[in-house]
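Colleague: sequence first, then the predicted structure, then my questions.
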Amino acid sequence: MDFVSNWILTAVIFMPIVGAAYVWFGSSSRVSQIRSNAMIGSMLTLLLVICAAGLLSQGQGQTVDGYGLYHTSGWMADGDNRIDINYTLGIDGVSVWLLLLTGLLCPLAIWASFSSITNRAKEYYCLLLLLESGMLGVFCSLDLLLFYVFFEFTLIPLFFLIGTWGGQERARAATKFFLFTVAGSVLTFAGVLYLAYHQYNYGDSGVFTLDIPTLVRYGQSGLIPAGVQWWIFLGLVAGFAVKVPLFPVHTWLPLAHTEAPTAGSVLLAGVLLKLGTYGFIRLALPILPEGAEAFAHFMAVMAIAGVIYGALAAWVQEDVKKLVAYSSVSHMGFCVLGMFSLKMAGMTGSVMYMVNHGLSTAALFLVVGMIYERYHTRDMNQLGGLAKQMPVMAVFLIIFTLSSIGLPGLNGFIGEMLVLIGTASSTETHDGMIAGPLGMAYAVPAATGIVLGAIYMLWMCRRVLFGPVNEPPGTPDTSAGLSPDLNGREIGILTPIAILCLIIGVWPKPMIDSIQPAIEQHVLASRIIEGDNNAAEADNIIRESQHAVGNKNLKAAVIESENDKLADSGERHGY
């Protein structure tokens with residue numbers, strides 16, 4: 001069992017590469033065999049991911065600094081042991097859910113491609129498997145260089161997937177995607193190198209290391225000056241904000257989504273966007289706590305701008321796929337807002353929002369792709385009344401729409417609620433953590449994004465599903481073996497996502513219980529008020545101050561209350 005626990009994450013990362021090699025070298029020219037081999041490779045990866053999650057939940061394997069299934073091997077070192085860059089893997093209650101999300105969506109994306117990809121199928125499925133390997137590597141890496149290698153590696157397969165199998169503007173979409181992400185990543189790498197250099201010069205290890213737990217401890221020790229944290233934080237933001245994408249560096253996303261093949265859009269929305277938010281949670285927030293707090297107001301404003309702008313832009317789209325693409329800009333703004341509340345509720349909601357958005361939006365792209373295969377258009381002016389023609393599709397589209405807009409009882413509601421609670425209560429200390437930077441003034445405008453989301457998503461459903469039947473001439477096209485409504489394969493693709501949307505919405509406790517300890521230990525440890533008595537005392541000070549001065553400045557009230565307590569203490573001791 002120790003051997004399995006030690007190497008399970010390595011198997012998870014490299015199984016898709018083995019699958020890609022098998023597809024390339026072990027498949028004949030028959031498209032059916034290529035598809036089957038690719039599906040086998042991705043399904044084996046999913047089984048390994050489920051095994052890894054099970055081992056983590058049972059506490060199997062080595063645990064170091066709160067990361068389970070920990071494994072490290074030498075990678076780069078000099079003779080004097082002054083360089084400590086290792087192949088280090090491990091997962092916690094945050095990364096395990098993103099690992100499961102990736103493991104689930106990749107075989108579904110491959111399965112969804114069976115009827116649409118017939119040209120250069122071998123290259124296509126190999127690239128999908130290589131992309132899966134890169135995404136899994138990001139969520140397992142505990143060495144910053146290894147993280148960066150996998151982070152950047154994901155660009156290559158997706159670039160070719162968009163540029164080769166995309167729509168009419170595929171070359172422009174692939175180029176814009178690549179330039180935006182590479183430009184941001186260069187600045188991020190500069191920040192990573194300077195962070196390691198600063199630790200080497202001013203830390204107590206005397207070793208140039210990119211070990212993430214070591215850098216987190218160093219960042220939370222107070223040895224990185226605030227000014228230095230600001231610059232490193234900006235470097236990390238440059239890459240992560242583009243990947244999210246955060247307003248105003250989001251402009252590559254709608255075009256990339258619109259032009260990408262269905263599987264590319266599914267993995268881009270479902271997983272790749274989460275690499276940016278995961279980078280914030282794993283690196284920027286825990287390593288640079290002062291930098292994160294200093295820029296929290298700015299990041300929150302940009303997040304809210306993205307929420308509202310993305311919703312308004314989605315509202316005016318005529319292309320269904322572009323509407324869903326802009327909805328991702330709006331939804332990912334909620335993820336960023338929850339993080340920068342710097343509160344447990346907001347952080348938990350942000351992680352849940354990543355997973356929930358990955359499920360519902362990936363499913364929406366799958367449904368849009370299934371419609372496009374039959375009608376060869378995504379223009380809502382040419383589609384209407386499809387609920388009469390495709391009743392099964394209509395049921396799934398309604399389910400995923402309601403999930404996306406946060407209907408209570410479905411998964412989207414939980415993440416939105418926790419993000420708004422964390423944002424609104426950011427300045428409070430009742431959770432045993434020091435006051436955060438946000439507050440009700442940020443929660444209220446963000447909540448308008450929920451209303452706008454319901455408007456544009458329900459408006460889309462009304463136009464596409466209801467009213468008089470409107471179909472382009474000569475459609476639906478069933479020449480590729482499709483039926484007028486969804487067939488068994490397509491129902492099999494969408495059903496597990498629909499079930500998960502319902503389960504998470506009704507019973508989110510297992511997710512919350514695993515996410516919160518990881519956030520407390522790995523992200524918010526520096527913000528915990530030491531001891532319950534101190535937390536209670538801080539609460540009392542704020543309440544007494546508010547009661548004493550009414551609408552006066554809260555900071556001045558706290559100082560006044562502290563001075564009163566010190567004076568009382570002096571009188572009791574005869575000073």
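Modeller: Great, that's in hand.

Colleague: which secondary structure state does residue 476 sit in?
Modeller: Three-state assignment for residue 476 (DSSP: H, G, I helix; E, B strand; the rest coil): coil.

Colleague: whoops, I mixed them up, residue 306
Modeller: Following three-state DSSP, residue 306 is assigned to helix.

Colleague: let me see the contact set for it.
Modeller: Shown in contact with residue 306 (CB atoms under 8 Å, 6 or more residues apart in numbering): 246, 247, 250, 329, 330, 332, 333, 336. (Each C-beta comes from the backbone N, C-alpha and C, glycine too.)

Colleague: save these as JSON lines, and put in neighbour count too.
Modeller: JSON lines is the format used below for the contacts of residue 306 (neighbours: other CB atoms under 10 Å):
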{"residue": "246", "neighbour count": "24"}
{"residue": "247", "neighbour count": "23"}
{"residue": "250", "neighbour count": "25"}
{"residue": "329", "neighbour count": "25"}
{"residue": "330", "neighbour count": "25"}
{"residue": "332", "neighbour count": "30"}
{"residue": "333", "neighbour count": "29"}
{"residue": "336", "neighbour count": "26"}
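
Colleague: and which of the residues you listed is nearest residue 288?
Modeller: The closest of those to residue 288 turns out to be residue 336 (CB to CB; 15.5 Å).

Colleague: now the closest one, nearest residue through space, not along the chain?
Modeller: In space, residue 336 comes closest to residue 303 once its chain neighbours are excluded; the distance is 4.0 Å by CB to CB, 6 or more residues apart in numbering.

Colleague: residue ranges with poor pLDDT in the protein?
Modeller: Counting by pLDDT under 70, the chain has low-confidence residues at 1, 78-81, 531-575.

Colleague: next one: the most centrally placed residue in it from residue 268, what distance?
Modeller: Against the mean C-alpha coordinate of the chain, by CA atoms, centre = their mean, the closest residue is residue 274 at 2.4 Å. Applying CB to CB, to the nearest Å, the value for residue 274 to residue 268 is 10 Å.

Colleague: residue 85 - that's part of a strand, no?
Modeller: Yes - looking at residue 85 with three-state DSSP, it is inside a strand.

Colleague: mind listing what the closest residue to it other than its chain neighbours touches?
Modeller: Among residues not flanking residue 85 along the chain, residue 76 sits closest, at 4.0 Å (CB to CB, 6+ apart). Applying CB under 8 Å, 6+ apart, we find residue 76 in contact with 83, 85, 86, 145.

Colleague: can you mark which positions in the helix or strand harbouring residue 74 are buried?
Modeller: If you go by DSSP states H and E, residue 74 is part of strand 68-76. Under the neighbour-count criterion of 16 or more other CB atoms under 10 Å, strand 68-76 has 68, 69, 70, 71, 72 buried.

Colleague: now, which of the residues you listed sits nearest residue 58?
Modeller: Among these, residue 68 lies closest to residue 58 (CB to CB), at 9.5 Å.

Colleague: that closest one reaches residue 94, doesn't it?
Modeller: No - using CB atoms under 8 Å, residue 68 makes no contact with residue 94, being 11.7 Å away.

Colleague: ok, the residue lying closest to residue 468 once chain neighbours are set aside - contacts?
Modeller: In space, and not counting its chain neighbours, residue 468 is closest to residue 385: 5.3 Å by CB to CB, 6+ apart. Going by CB under 8 Å, 6+ apart, residue 385 touches 465, 466, 467, 468, 469, 470.

Colleague: what about 7 Å?
Modeller: Going by CB atoms under 7 Å, 6 or more residues apart in numbering, residue 385 touches 466, 467, 468, 469, 470.

Colleague: now, the residues you listed that are in strands?
Modeller: Residues of the contacts of residue 385 located in strands (DSSP state E): none.

Colleague: residues near residue 21, how many?
Modeller: By other CB atoms under 10 Å, 13 other residues sit near residue 21.

Colleague: name the element it belongs to?
Modeller: Assigned by DSSP H and E, residue 21 belongs to helix 2-26.

Colleague: same question for residue 418.
Modeller: Residue 418 is located in helix 411-424, with elements delineated by DSSP H and E.

Colleague: buried residues, that helix. List them.
Modeller: Neighbour counts over helix 411-424 (16+ other CB under 10 Å) mark 411-424 as buried.

Colleague: for that helix, the distance to its chain's centre please.
Modeller: Relative to its chain's centre, helix 411-424 lies at 15 Å (CA atoms, centre = their mean, to the nearest Å).

Colleague: contacts for that helix?
Modeller: Contacting residues not belonging to helix 411-424 are listed as 334, 337-338, 341, 343, 345-350, 352-353, 356, 359-360, 403-407, 438-440, 442-443, 446-447, 450, 501, 504-505, 508 [CB under 7 Å, 6+ apart].

Colleague: strands of the chain, residue ranges please.
Modeller: Secondary structure of the chain (DSSP E): strands at 68-76, 83-91, 208-209.

Colleague: how many degrees apart are the second one and strand 68-76 in direction?
Modeller: In other words, strand 83-91. Angle, strand 83-91 to strand 68-76, by axes from the mean of the first three to the mean of the last three CA atoms, to 10 degrees: 160 degrees.

Colleague: got the CA coordinates for strand 83-91 in PDB?
Modeller: Extracted in PDB, the C-alpha atoms of strand 83-91 (Å, rounded to 0.1, in the frame of the first residue of the first chain):
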ATOM      1  CA  ILE A  83      19.900  24.200  -5.200                       C
ATOM      2  CA  ASP A  84      16.800  22.300  -4.000                       C
ATOM      3  CA  ILE A  85      14.500  21.800  -6.900                       C
ATOM      4  CA  ASN A  86      12.600  18.500  -6.700                       C
ATOM      5  CA  TYR A  87       9.900  16.500  -8.300                       C
ATOM      6  CA  THR A  88       7.500  16.900  -5.500                       C
ATOM      7  CA  LEU A  89       3.800  15.900  -5.600                       C
ATOM      8  CA  GLY A  90       1.000  16.100  -3.100                       C
ATOM      9  CA  ILE A  91      -2.700  17.000  -2.800                       C
END
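
Colleague: what is that strand packed up against?
Modeller: Judged by 3 or more CB pairs under 7 Å, 6 or more residues apart in numbering; DSSP states H and E, strand 83-91 is in contact with helix 2-26, strand 68-76, helix 121-140, helix 144-153, strand 208-209.

Colleague: quick revisit: please identify which of the buried residues of helix 411-424 is nearest to residue 381.
Modeller: Using CB to CB, residue 412 comes nearest to residue 381 of these, at 28.1 Å.

Colleague: can you tell me how far the closest one is from residue 406?
Modeller: Here residue 412 is placed at a distance of 4 Å from residue 406 (CB to CB).

Colleague: got it, and residue 150?
Modeller: Distance from residue 150 to residue 406, counting by CB to CB: 32 Å.

Colleague: could you do residue 470 as well?
Modeller: Distance from residue 470 to residue 406, by CB to CB: 29 Å.

Colleague: higher neighbour count, the two?
Modeller: Applying other CB under 10 Å to residue 470 and residue 406 shows that residue 406 carries more neighbours, namely 23 against 15.

Colleague: show me the contacts for the more buried one.
Modeller: Taking CB under 7 Å, 6+ apart as the test, what residue 406 contacts is 412, 413, 416, 450.

Colleague: which of the residues you listed lies closest to residue 483?
Modeller: Using CB to CB, residue 412 is the member of these that sits closest to residue 483, with 29.8 Å.

Colleague: OK, contacts around residue 282?
Modeller: residue 212.

Colleague: cheers, nothing more for now.
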